[in-house]
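**Q** Sequence plus the predicted model coming up.
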Protein chains: 2
Amino acid sequence: MTAAPGHQEEEATVMDPSTFDPVLTPGGVTSPRGYRASGVHCGLKHRKPDLALVVSDTPATAAGMFTTNLVRAAPVRYCQDALAHGTVRAIVVNSGNANACTGPQGDADALEMAERVATLLAVPTHEVLVASTGVIGQALPMGRIRAGIPAAVAALDPSGGAAHEAILTTDAFPKTCAARFDLGGTPVTIGGMAKGAGMIHPNMATMLAFLTTDAAVAPAALAQALRQAVAVSFNSITVDGDTSTNDSVILLANGAAGGPALAGGAELERFTAALTAVCQDLARKIVRDGEGATRLVEVTVTGAASDADARRAAETVATSLLVKTMLWGGEPNWGRVLGALGRCGVPLVPETVDVRFGPVTVVRGGLGVPGVADAAAAALRGAEVDLGISLGGGSGRATMWTCDLNEGYVRINGNYLT
Amino acid sequence: MTAAPGHQEEEATVMDPSTFDPVLTPGGVTSPRGYRASGVHCGLKHRKPDLALVVSDTPATAAGMFTTNLVRAAPVRYCQDALAHGTVRAIVVNSGNANACTGPQGDADALEMAERVATLLAVPTHEVLVASTGVIGQALPMGRIRAGIPAAVAALDPSGGAAHEAILTTDAFPKTCAARFDLGGTPVTIGGMAKGAGMIHPNMATMLAFLTTDAAVAPAALAQALRQAVAVSFNSITVDGDTSTNDSVILLANGAAGGPALAGGAELERFTAALTAVCQDLARKIVRDGEGATRLVEVTVTGAASDADARRAAETVATSLLVKTMLWGGEPNWGRVLGALGRCGVPLVPETVDVRFGPVTVVRGGLGVPGVADAAAAALRGAEVDLGISLGGGSGRATMWTCDLNEGYVRINGNYLT
């Protein structure tokens, strides 16, 4: 996932969590002051809510990051253009249809969604962002969306309504989260909602996340904070290595909490740390809800020559089908981890590699540790599994979140259309 | 998979099949003159043959290609050293245990296997190659192997015995093939046997293939022929994107057919074409026997800027879990193919992409073709599926073979140790 055009790329830096540990609370996109949201059923899905709307009472500074897939859905192209205009007032989201590979008609439909919301809210069209998720290659049933938009506007509520449900596709549960903290004496809130559940992989996924805050943040600072938070959250998870045409993460900051606009310094670092915590919570919920997933697995690689090498090693292990089926079966077949490390493209001395399943070291110096199979199997069979790899040299490190692969994934994805 | 040390790398060139189309016949490693083989049960597996031996009556020119994984099993390291010594008389292969990640003991065990065979055959140790496949990280039960080797030598037979069964692990069926043709008036034969079935991916796989010929071929020419044949066969297949520590392809040429040793020219091209046909037949059998696979899928990409770009696109599509589960379900969800193409790293103009499922064009110019869903679904539901992609510009092309992903793969790999 990359920033919208015009945003400068920079190296992600991970906050030191010891300096600030924001408390996460239940909540969502309307937890910050000055937001309303709704979710209604307009007929794209059989019965469930399928059209969501998030509105800021005042124009909000906005930042977005979008799929790196060269096949970009119409709403992604629309948002990348719209964000160049400045502030944002609303985001309209439909599930059930991705409006991807839909040609010029798709672009027209995305624009019309924005226009209809803008008219009802009496704001400029470019202040309305659009996101879609669902089946690729079918035209949006605009008749239903045209009827749904006034209903969504009418249902707008500070409670957020069913917005967090209306953005879901194959997700088993909604994903929301909030963080409350203070910035220079001003209490502020960040809230968010996200959807998975397949096609989750760094830089792409049918993954949508919408984040709101009542903090006042300058545009460049907001974009920087989002890039840093996404690098170690939504861009550090994988469900199936596939990536979608529709990935979008959008962050609005309306300043309703008061106070001067953050532009840098220690307060921006606090804000970024809190934003990272919210994004990581949502990202972990996406992985936990990976199609068919039964375990959330945290893969941490240390001792690499660089963070980039560690990331590459972690990603290869987290993506390996043999590792992911091992994580499902719960058998400590650590040779598959070594096999993945050996092909990941990172310089590696097998004799210096250690592997840990939870608290149990199963490989030391490239060789299996005898007598730990039962303890290692037990460590693999929890709902959360910690898989640690030390490459034995260097200070590079990275963490990825993944899930097991099982028959549920195959069932869901082998019969998606029916 | 790369050539053994000392062999020069060069670009693979694909033979024009119109110039020479060798006839494949049933057969195996003892179809060429001057070879015997055997397969016996020594106790590494429960009941089935697990120790194979292939012997040439006279010293044979040899070439080998091995895993690119940095975690190389002991027998791979041993073979790469032994091949530097020149001719080869025998290959000993065990299944049930990979002798990988076994440290210095593993190296000693691989060497001892070669020594014991060499002693019984009265040949130098370095004329005996060794291959292993099976569980990683457990020491070889050498007592059983020591007892099995004399039995395998005693069972050597021009019929080949059970050699083709003794090399298998989770394979559902043995994979053998032969080609008979003439070189400058001399009738010659190439025979082969291979094993899959998971961890199959270019440059790695728990994949073993042993090829024999009675043609006389100079060492450099033999290595070149093997490299060219492997590039478009064993290195163009994928089952799960994972790769193993033990991949080996070994080719022996004992010259028993008579005639001068091939060193280049049109006759070497004929030989390479026949070798390619044998390797492709074995490679397709490996994919057809991919763990759980129900369909053999040929992915052909044309219209790329280069063959390398085409290969990258074909590999991304052939490896995508969403594509592979679609191939299982048989639903023509072509958006997944476009999604994979969009993330494959190759420059792409979505509006110029065509996609074909069998004879049915489902995407033209990046947009879905209306009214073809039923025909497209029917094309996806055969035992062999042809998936064609045109990127709309350039003459680069590549073909990969893959299979569907289904619950069978998950079952086999989630419970491998038990």
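**A** Yep, that arrived. Numbering: from 1, shown residues only, chains lettered A, B, ... in the order given.
**Q** From here on, just use CA atoms for contacts and neighbour counts.
**A** OK.
**Q** what does the average pLDDT come to for stretch A:367-378?
**A** Averaged over stretch A:367-378, pLDDT sits at 92.
**Q** give me every residue that touches the residue in the stretch 101-250 of chain A that chain B sits nearest to.
**A** In the stretch 101-250 of chain A, the residue that lies nearest chain B is A:Ile136 (5.2 Å; CA to the nearest CA). Residues in contact with A:Ile136 (CA atoms under 8 Å, 6 or more residues apart in numbering or on different chains) are A:97-101, B:333, B:335.
**Q** Kindly report the same for A:Gly184.
**A** A:Gly184 touches A:Glu267, counting by CA under 8 Å, 6+ apart.
**Q** ok, now A:Pro187?
**A** By CA under 8 Å, 6+ apart, the neighbours of A:Pro187 are A:180-181, A:257.
**Q** How about the secondary structure of it?
**A** Recorded secondary structure, A:Pro187: strand (DSSP: H, G, I helix; E, B strand; the rest coil).
**Q** where's A:Ala178, which helix or strand?
**A** Following DSSP states H and E, one finds A:Ala178 within strand A:175-183.
**Q** model confidence over that strand, on average?
**A** On average, strand A:175-183 scores 95.
**Q** which residues are contacting that strand?
**A** A:22-29, A:31, A:164, A:187-195, A:267, A:270-271, A:274-275, A:277-278, A:281-282, A:285-286.
**Q** what does stretch A:292-311 give?
**A** So stretch A:292-311 is in contact with A:284, A:287-288, A:313-314, A:317-318, A:327-328, A:346, A:382-409, A:412, going by CA under 8 Å, 6+ apart.
**Q** Which of those residues fall within strands?
**A** Members of the contacts of stretch A:292-311 lying in strands (criterion: DSSP state E): A:384-390, A:396-403.
**Q** now, among these, which is nearest to chain B?
**A** Nearest to chain B among those, with distances taken as CA to the nearest CA, is A:Cys403, at 13.4 Å.
**Q** Tell me the buried residues in the lengthiest helix in chain A?
**A** Taking DSSP state H as the criterion, chain A has its longest helix at helix A:265-288. Under the neighbour-count criterion of 16 or more other CA atoms under 10 Å in any protein chain shown, helix A:265-288 has A:268-288 buried.
**Q** if we look at chain B, which of the residues you listed are close to it?
**A** Among these, no residue lies close to chain B (CA under 8 Å from any CA of the partner chain).
**Q** sorry, back to before: okay if I get the contacts of A:Pro187 as a markdown table plus neighbour count?
**A** Listed next are the contacts of A:Pro187 as a markdown table, based on neighbours: other CA atoms under 10 Å in any protein chain shown:
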| residue | neighbour count |
| --- | --- |
| A:Arg180 | 19 |
| A:Phe181 | 19 |
| A:Ala257 | 19 |
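**Q** ok, of the contacts of stretch A:292-311, which come out buried?
**A** Judged by 16+ other CA under 10 Å, buried ones among the contacts of stretch A:292-311: A:284, A:287-288, A:313-314, A:317-318, A:327-328, A:346, A:382, A:384-392, A:396-409, A:412.
**Q** ok now stretch A:207-216, how far from the chain's centre?
**A** 12 Å (CA atoms, centre = their mean, to the nearest Å).
**Q** touching chain B at all, that stretch?
**A** No: using CA under 8 Å from any CA, stretch A:207-216 never reaches chain B; the gap is at least 13.6 Å.
**Q** could I get that stretch in CSV with only the CA atoms?
**A** Output of stretch A:207-216 as CSV, limited to C-alpha atoms (Å, rounded to 0.1, in the frame of the first residue of the first chain):
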residue,chain,number,x,y,z
MET,A,207,-8.6,-4.6,2.8
LEU,A,208,-10.4,-1.4,3.7
ALA,A,209,-9.7,0.7,6.8
PHE,A,210,-11.2,4.0,7.8
LEU,A,211,-9.6,6.0,10.6
THR,A,212,-10.9,9.2,12.2
THR,A,213,-9.5,11.6,14.8
ASP,A,214,-10.6,14.8,16.4
ALA,A,215,-7.0,15.9,16.7
ALA,A,216,-5.9,18.7,14.6
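**Q** Show residues contacting it.
**A** By CA under 8 Å, 6+ apart, stretch A:207-216 touches A:29-30, A:32-34, A:131, A:167, A:188-197, A:199-200, A:244, A:246-262.
**Q** Which among the residues you listed count as buried?
**A** A:29-30, A:32-34, A:131, A:167, A:188-197, A:199-200, A:244, A:246-257, A:259, A:262.
**Q** Any residues of the stretch 1-150 of chain A in contact with chain B? List them.
**A** So far as CA under 8 Å from any CA goes, the stretch 1-150 of chain A lies against chain B at A:68-71, A:101-103, A:135-138.
**Q** Mind checking which of these land in helices?
**A** Going by DSSP H, the helices hold A:Gly103 from the residues of the stretch 1-150 of chain A next to chain B.
**Q** For the residues of the stretch 1-150 of chain A next to chain B, which single residue is the most surrounded?
**A** A:Cys101 (28 neighbours; other CA atoms under 10 Å in any protein chain shown).
**Q** I figured that one was touching B:Gly366, is that so?
**A** Yes: with contact defined as CA atoms under 8 Å, A:Cys101 and B:Gly366 form a contacting pair (6.4 Å).
**Q** For A:Val301, what is the enclosing helix or strand?
**A** Going by DSSP H and E, A:Val301 is part of strand A:296-304.
**Q** Parallel or antiparallel, which strands does that strand pair with?
**A** Using DSSP bridges, strand A:296-304 pairs in its sheet with strand A:384-390 (parallel), strand A:396-403 (antiparallel).
**Q** how about the helices in chain A?
**A** Going by DSSP H, chain A shows helices at A:74-82, A:103-121, A:142-154, A:163-166, A:219-231, A:265-288, A:307-319, A:321-329, A:335-342, A:373-380, A:407-414.
**Q** start to end distance for stretch A:215-222?
**A** 10 Å (CA to CA, to the nearest Å).
**Q** Show me what A:Glu384 bridges to in the sheet.
**A** A:Leu296.
**Q** So it versus A:Arg295, what's the distance?
**A** Taking CA to CA, one finds A:Glu384 at 6 Å from A:Arg295.
**Q** next one: A:Gln80
**A** In terms of CA to CA, A:Gln80 sits 35 Å off from A:Arg295.
**Q** where does chain A have low pLDDT?
**A** A:1-19, A:197-206, A:239-244, A:291, A:409-418 (pLDDT under 70).
**Q** Could you find the residue nearest the spatial middle of it?
**A** A:Phe234 (3.7 Å; CA atoms, centre = their mean).
**Q** which ones among the buried ones among the contacts of stretch A:207-216 are found in strands?
**A** A:131, A:188-195, A:248-253.
**Q** and the residue lying closest to A:Ala194 once chain neighbours are set aside, what are its bridge partners?
**A** Nearest residue to A:Ala194 in three dimensions, chain neighbours excluded: A:Ala209, at 4.1 Å (CA to CA, 6 or more residues apart in numbering or on different chains). Beta bridges link A:Ala209 to A:Ala194, A:Val249 when assigned by DSSP bridges.
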